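K.L.:
here is my input, please return the structure:
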Amino acid sequence: MSILINGKSYESLHFIGIFGSGMSALAQYCVWNGIKVSGSDRLFNTNEVSDIQNKLIKAGCSIFPQNGSGCINADAVVISTAIEDSNPDIIQARKNSIPIFHRSDILATIVSQKKTIAVAGTSGKSTVTAMIWEFLFGCAKDASLITGAPLIYLEEKGLIGNAYKGSSDLLVIEADESDGSCIKYMPYISVFLNVSKDHKTIKETLSIFNILAKQSEIVITNSDDPRLKILNPKRTFGANGTFFPDSVISVIPKVAFVKGENIFSCPIPGIHNLSNLLAAICVCDLLGCSDSGLIKSAANFRGVKRRFAISYLSNNIKVIDDYAHNPEKIKAAIQTAKGFSKRILAIFQPHGFGPLKFFKNELVNTFSESLNQEDILFLLPVYYAGGTVKKDISSLDIAIAVNKKNKKAIAVENREALIKYIKEAVIPDDAILVMGARDPSLSELANNICKEIG
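P.N.:
Residues are numbered from 1 along each chain as shown. You can find the predicted model right below:
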């Protein structure tokens, strides 16, 4: 089997940084469709990614260290925006005149071959992508999936969880706007959840969304975000949308709403997830899913890894593991956690020096406005994933600024110091909220906190 990219067929692909969430999803999808796949990663043979490495090998991928040895026999090399020119595999590929494609080029080709539903937005993409896929699956529409975060349902089937090969012509993807590459896609349906400052300014993001919308046969947007009106949607969801709830039953500890004679309920909390559920049902309704099938699928939704994953300990202490990393997601996570506990011990690990600098003022405002006087914010050192970057900002800068706004923030030296602080500070009924992105060991941190306290 081969894949056609820019008019030329390629039978084998080598993925640089194959353990990345988006890259591993593409690699699995390609190998399941008969393409010979190899890959390399800087974390090759390390404990923190051993599960992903083993599952990729089981799927049929060949895994190599990132030293240039793995790409020499590939027809083409696939990279993400995070891969720098100094990478040994890129150097070797250029030396051997092997074509190099961005991951979005591969995904664009796959999108063009399927009846694709693309989920876009600066918050909630992974959750809504998972919902749409699970609801379609539950309604006997066997869709394929390529997304950026593991679905718990698929993990429980022994998969990595971010990809699936279905038997129908439907494909559900997460359309990431962070590097602007989603403008290469021409999907059947594009659903736009929201827009806020994230990797880019709101103006830049809306410009990207507008291009994607014009290349989509059907556009669906969130009516509660008025900035999305410029995308000329065919359908809208939300309080003022064409698809709206007659009444809201609850948002804590689960979201539930009434529409017509039906009650839709989903076992995840938060007002933001009410919006996510509306989006997913709106899309699946358009694709012909029955109300009864959607009601059952929503009630059985298993969720996405590290999206408000709660562990209950003794003394009604909760440890919550969440992927929140930009101001809007952090605000949503804190607000939802307040529905479970009066006091929050919030832990945040910035996911890069560049994003921290870009978001500094917004992060300070979010923490100072969302946290109460009795809450405590703990800031871990900035996560460094390698490469060339200016390390001209630190977590201490955020802590100082938050303290100046009369909220308590502590920049801790390391995780050992953090756990010591938490053990001294925690009291019955507290919620310990672990937030951050990119670092695959954050769930391990949440588990370690559970062990130390529980």
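K.L.:
ok, longest helix in the protein?
P.N.:
helix 353-370 (DSSP state H).
K.L.:
quick one: contacts of that one?
P.N.:
197, 199, 325-327, 330-331, 334-335, 346, 348, 350, 377, 382, 384, 389-393, 395, 397-398, 401-402, 405-407, 409 (C-beta atoms under 8 Å, 6 or more residues apart in numbering). C-beta coordinates here come from the backbone N, C-alpha and C atoms, glycine included.
K.L.:
from residue 64, how far off is residue 45?
P.N.:
Residue 45 sits 10 Å away from residue 64, going by C-beta to C-beta, to the nearest Å.
K.L.:
list phi and psi for residue 100.
P.N.:
With angles defined as degrees, to the nearest 10, residue 100 sits at phi -120, psi 120.
K.L.:
extract the C-alpha trace of stretch 357-367 and format it as PDB.
P.N.:
C-alpha atoms of stretch 357-367 as PDB (Å, rounded to 0.1, in the frame of the first residue of the first chain):
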ATOM      1  CA  LYS A 357       6.200  34.400  28.200                       C
ATOM      2  CA  PHE A 358       3.300  34.800  25.600                       C
ATOM      3  CA  PHE A 359       0.700  34.200  28.300                       C
ATOM      4  CA  LYS A 360       2.300  35.800  31.400                       C
ATOM      5  CA  ASN A 361      -0.200  38.600  32.000                       C
ATOM      6  CA  GLU A 362      -3.200  36.500  31.200                       C
ATOM      7  CA  LEU A 363      -2.000  33.700  33.500                       C
ATOM      8  CA  VAL A 364      -1.400  36.100  36.300                       C
ATOM      9  CA  ASN A 365      -4.900  37.500  35.900                       C
ATOM     10  CA  THR A 366      -6.500  34.100  35.600                       C
ATOM     11  CA  PHE A 367      -4.900  32.800  38.800                       C
END
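K.L.:
go through that stretch and flag the buried ones.
P.N.:
Using 16 or more other C-beta atoms under 10 Å as the burial criterion, the residues of stretch 357-367 that qualify are 358, 359, 362, 363, 364, 365, 366, 367.
K.L.:
picking up where we left off before, which one's more surrounded, residue 45 and residue 64?
P.N.:
residue 64 (18 against 10; other C-beta atoms under 10 Å).
K.L.:
tell me the secondary structure at the more buried one.
P.N.:
strand (DSSP: H, G, I helix; E, B strand; the rest coil).
K.L.:
for it, give the beta-bridge partners.
P.N.:
As for beta bridges, residue 64 partners with residue 40 under DSSP bridges.
K.L.:
model confidence for it, exactly?
P.N.:
If you check residue 64, the pLDDT there is 97.
K.L.:
give the contact list for it.
P.N.:
Going by C-beta under 8 Å, 6+ apart, residue 64 touches 38, 39, 40, 44, 70.
K.L.:
out of these, grab the one that's most surrounded.
P.N.:
residue 39 (31 neighbours).
K.L.:
would you confirm that it contacts residue 59?
P.N.:
No - counting by C-beta atoms under 8 Å, residue 39 stays clear of residue 59, with 10.9 Å between them.
K.L.:
shared neighbours, those two?
P.N.:
With contacts taken as C-beta under 8 Å, 6+ apart, the residues that reach both residue 39 and residue 59 are residue 27.
K.L.:
and the chain, what are its domains?
P.N.:
As assigned by automatic domain parsing, the chain contains the domains 3-102, 114-299, 309-453.
K.L.:
for the ones you listed, give me JSON lines that also has distance to residue 108.
P.N.:
Formatted as JSON lines, these follow (distance: least, C-beta to C-beta, whole Å):
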{"stretch": "domain 3-102", "distance to residue 108": "9"}
{"stretch": "domain 114-299", "distance to residue 108": "4"}
{"stretch": "domain 309-453", "distance to residue 108": "24"}
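K.L.:
dihedrals phi and psi, the residue most central in space within the chain?
P.N.:
Among the residues of the chain, the one closest to the centroid is residue 126, at 4.4 Å (C-alpha atoms, centre = their mean). Phi and psi for residue 126, reported as degrees, to the nearest 10, are phi -60, psi -40.
K.L.:
cool, and residue 317?
P.N.:
phi -80, psi 130.
K.L.:
where's it relative to residue 447, distance?
P.N.:
Residue 317 is 14 Å from residue 447, where distance means C-beta to C-beta.
K.L.:
and what of residue 60?
P.N.:
Look at residue 60 and residue 447: by C-beta to C-beta, they are 30 Å apart.
K.L.:
same thing with residue 188?
P.N.:
Per C-beta to C-beta, residue 188 is found 40 Å from residue 447.
K.L.:
ok so, going back, you'd agree the residue nearest to the centre of the chain is up against residue 306?
P.N.:
No - Residue 126 lies out of contact with residue 306 (C-beta under 8 Å); the separation is 9.3 Å.
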